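Engineer: 3D model of this:
(one chain, ligands or ions: 2)
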Amino acid sequence: MSARARWAGLAAAIWLAACGTVNPYYDASRPHHRPGGFVNVGGPTGGKPFSEFARWQYERTRDGLPRPPTEHVPGFTGFPVQRPDLALLAENRRGARVTATWIGHATLFMQLGGRNLLVDPVFSDRVSPVSFAGPKRRVPLPARLDELPAADVVLISHNHYDHLDEPTVRALQAQPGGPPLFVAPLGVDLWLRSVGATRVERLDWWDTLRVDGLEIVLTPAQHWSSRSPWDRNATLWGGFAVRTPGFTFWYSGDTGYAPIFEEIGRRLGAIDLAAIPVGAYAPRWFMKDQHVNPDEAVRIFREVGARAAIGVHWGTFELTDEPLDAPIGDLRAALDAQGIARDRFVLYRHGETRTYEGR
Ligand code: ZN
Ligand code: ZN
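Structural biologist: Ligands and ions are numbered 1, 2, ... in the order given. I've put the predicted structure just below:
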């Protein structure tokens, strides 16, 4: 290759990086589509400029944040980790009962309609592009992936590292009995295939997938996406509803508080169980557009009209400035202030399994 060709190639690479990405699913009729990716509708388009990220990093280093989880909640002595109810989960395989097990952070193992589902499965010790640096798991995993019943369906809400973990995806693809079906927002399907996933379905907001007696709907969220400095908002983000004739589960995905939840509740109808983030919200000036705090999580719970909720996205990785246990007290205060009984919107222990009745 001549020197001139090399320079042209380099210039093209720089230009491509600077201009961002190409959205292969671009549909000009859809307001959240852009030729290079996706945006939030009617809200701030996700992702903060580097200058604001740098200010946040400077301030949290200067102030020694986050503080250790010790005295935020009276009587708090650390995170109890329990084993999932593996006997129940094994016995209920293909069974009628709805179960939910919180593995930590945003990872849930669910049984619904006789199927095993994993939501945003992350079983690695760090949520980072590299294994030697980045936010580390502060509370041990309650179970290994291979101790859980094999997954039938894996839901990936977006491509941030605390929701989409490459070693976990590879392990699921190789699980005994064959790979699960991965369901992901537009663009994340291509990443999944690039790391070897073979059974992949992609959804746009409000698309519905019918599979194995389940109806899976991708719902909008106010968030953003990125796995590298060059792919900001190139792939879509969202939440999921999973419905059977007798039960509707809805996971909001990562989201800021936005005027989208009443419509989600209206379109889905009765929600029996919601999973809503309650952590990674400080400092508010930086996080507000992308992550709700517990007060906003309870508002979302009320706006979608869910019967019950589990708080997720907390207590596992120190991603932001609030102490790891802060959601415990802040969620209680938010429920009391908004007049919602504390047993309707709960936090599980790491590893805890609960069962739910359908309608
Ligand atoms: Zn995220
Ligand atoms: Zn997240």
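
Engineer: now do the SS call for the closest residue to ligand 2 within the stretch 101-250 of the chain.
Structural biologist: Per C-beta to the ion, residue 162 is where the stretch 101-250 of the chain lies closest to ligand 2, at 4.4 Å. For glycine as for every other residue, the C-beta is placed from the backbone atoms N, C-alpha and C. Here residue 162 takes the coil state, with states given by DSSP: H, G, I helix; E, B strand; the rest coil.

Engineer: wait, it sits on residue 121?
Structural biologist: No - at 11.2 Å, residue 162 and residue 121 do not qualify as touching, with contact defined as C-beta atoms under 8 Å.

Engineer: when these two are compared, which one has more neighbours?
Structural biologist: residue 121 (26 against 22; other C-beta atoms under 10 Å).

Engineer: so what's the nearest residue to residue 158 once chain neighbours are set aside up against?
Structural biologist: Spatial nearest neighbour of residue 158, excluding adjacent residues (C-beta to C-beta, 6 or more residues apart in numbering): residue 237 at 3.5 Å. Under the criterion of C-beta atoms under 8 Å, 6 or more residues apart in numbering, the contact list for residue 237 reads 38, 46, 157, 158, 159, 185, 221, 223, 224, 225, 253, 254.

Engineer: distance of residue 237 relative to ligand 1?
Structural biologist: 7 Å (C-beta to the ion, to the nearest Å).

Engineer: go on, residue 30?
Structural biologist: Look at residue 30 and ligand 1: by C-beta to the ion, they are 21 Å apart.

Engineer: correct me if wrong: that residue contacts residue 204.
Structural biologist: Yes - here residue 30 reaches residue 204: they are 7.0 Å apart, a contact under C-beta under 8 Å.

Engineer: now the spatially most central residue of the chain: which helix or strand?
Structural biologist: Centroid-nearest residue in the chain, with C-alpha atoms, centre = their mean: residue 253, separated by 4.4 Å. Residue 253 belongs to no helix or strand when elements are defined using DSSP states H and E.

Engineer: pull the contacting residues for it.
Structural biologist: 157, 158, 219, 221, 223, 237, 238, 239, 240.

Engineer: do the same with residue 126
Structural biologist: 133, 134, 135, 136, 137.

Engineer: what's the answer for residue 336, then?
Structural biologist: residue 342.

Engineer: can you tell me how far it is from ligand 1?
Structural biologist: 28 Å.

Engineer: for residue 209, same thing?
Structural biologist: Distance from residue 209 to ligand 1, by C-beta to the ion: 22 Å.

Engineer: residue 294 now?
Structural biologist: Noted for residue 294: a distance of 17 Å to ligand 1, by C-beta to the ion.

Engineer: residue 167 contacts residue 123, correct?
Structural biologist: Yes - between residue 167 and residue 123 there is a contact at 7.3 Å, judged by C-beta under 8 Å.

Engineer: these two - which one has more neighbours?
Structural biologist: residue 123 (20 against 14).

Engineer: quick check: that one touching residue 170?
Structural biologist: No - the criterion here is C-beta under 8 Å, and residue 123 misses it with residue 170 at 10.8 Å.

Engineer: who is residue 185 paired with across the strands?
Structural biologist: Counting by DSSP bridges, residue 185 is bridged to residue 203.

Engineer: per-residue pLDDT, it?
Structural biologist: pLDDT recorded at residue 185 is 98.

Engineer: and what of residue 250?
Structural biologist: 98.

Engineer: helix/strand/coil for it?
Structural biologist: Here residue 250 takes the strand state, with states given by three-state DSSP.

Engineer: what's the helix or strand for residue 327?
Structural biologist: helix 326-337.

Engineer: helices and strands around the next helix or strand after that helix, which ones?
Structural biologist: Following helix 326-337 in sequence order, the next helix or strand is strand 345-346 (DSSP H and E). Applying 3 or more C-beta pairs under 8 Å, 6 or more residues apart in numbering; DSSP states H and E, one finds that strand 345-346 makes contact with helix 294-304, strand 309-312.

Engineer: what pairs with the shortest one, parallel or antiparallel?
Structural biologist: The partner list of strand 309-312 in its sheet, established with DSSP bridges, is strand 273-277 (parallel), strand 345-346 (parallel).

Engineer: so what touches the longest one?
Structural biologist: Yep, that's strand 273-277 we're talking about. Contacts of strand 273-277 (C-beta under 8 Å, 6+ apart): 98, 100, 106, 108, 119, 247-252, 254-255, 291-292, 297, 300-301, 304, 306-314, 345, 356.
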